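K.L.:
Sequence plus predicted model, see below.
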Amino acid sequence: MKYQVASLKKEMLSDLAALERLCFSVPWSENMFAGELNNPAAMYRVVLCEEKLVAYMGMWLVADEGQITNVAVHPNHRRHGLAKQLIENFIDIAKREELASLTLEVRAGNQPAISLYQHFGFRQVGLRKNYYEGKEDALLMTLFLNEVGQEKGEKQN
Ligand SMILES: CC(C)(COP(=O)(O)OP(=O)(O)OC[C@H]1O[C@@H](n2cnc3c(N)ncnc32)[C@H](O)[C@@H]1OP(=O)(O)O)[C@@H](O)C(=O)NCCC(=O)NCCS
């Protein structure tokens, strides 16, 4: 299958909201995403497959920190490396913008997402008790960008 990464555009908002409803029990609405298009701190990327929106990821740039708002992949397109591709894309942007870190919140029971973030070196830096619907904990995870690639450099020396 041929996938293409693109920036989020207004005409994609309804498809984005539909994907969001498919992926989350408490989804963001189309209006919330529309607001993001007018938020100068927000950056969104989508993945298209034959013009169908099949994945997205968002980030807010706040001072020298990137806050990942969400990442989601259509169930029929999971385990094809799309989330990996999106995160790599955002890590490149973060490095270019000279950010110090990328941070996100994830449900403590969301093992696929936790494994995904760990793959890139995100570490748990905090815990918000009963953060989701008053019953599920949120893990706060951070990727410190000054550590990215360091291990490789050490091996070369
Ligand atoms: C989490 C999610 C974004 C992963 O997307 P994906 O495109 O399937 O992920 P990738 O194919 O890029 O996988 C990257 C890595 O993540 C981990 N991973 C992904 N899905 C996994 C699963 N079901 N179980 C365990 N690990 C998983 C693996 O380490 C994987 O690497 P590998 O394939 O080499 O083993 C997707 O399952 C999803 O949209 N879930 C619902 C929405 C959600 O929970 N978003 C995260 C909110 S914080």
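P.N.:
Alright, I've got the coordinates.
K.L.:
Just the pLDDT for Ala100.
P.N.:
pLDDT, Ala100: 98.
K.L.:
What's the separation between it and Met43?
P.N.:
17 Å (CB to CB, to the nearest Å). In this view, the C-beta of every residue, glycine as well, is placed from N, C-alpha and C.
K.L.:
between those two, which one's more packed in?
P.N.:
With neighbours defined as other CB atoms under 10 Å, Ala100 and Met43 compare such that Met43 has more, 20 against 13.
K.L.:
Excluding sequence neighbours, find me the nearest residue to that one.
P.N.:
Met59 (5.1 Å; CB to CB, 6 or more residues apart in numbering).
K.L.:
tally of neighbours for that neighbour?
P.N.:
27.
K.L.:
I'd like the numbering to begin with 20 instead of 1 from here.
P.N.:
I'll keep to 20 as the first residue from here, and by that count the last item is Met78.
K.L.:
does it sit in a helix or strand, and which one?
P.N.:
strand 71-81 (DSSP states H and E).
K.L.:
by how many degrees do whatever helix or strand comes next after that strand and strand 71-81 diverge?
P.N.:
For strand 71-81, the succeeding helix or strand toward the C-terminus, using DSSP H and E, is strand 84-92. Angle between the axes of strand 84-92 and strand 71-81 is 170 degrees (criterion: axes from the mean of the first three to the mean of the last three CA atoms, to 10 degrees).
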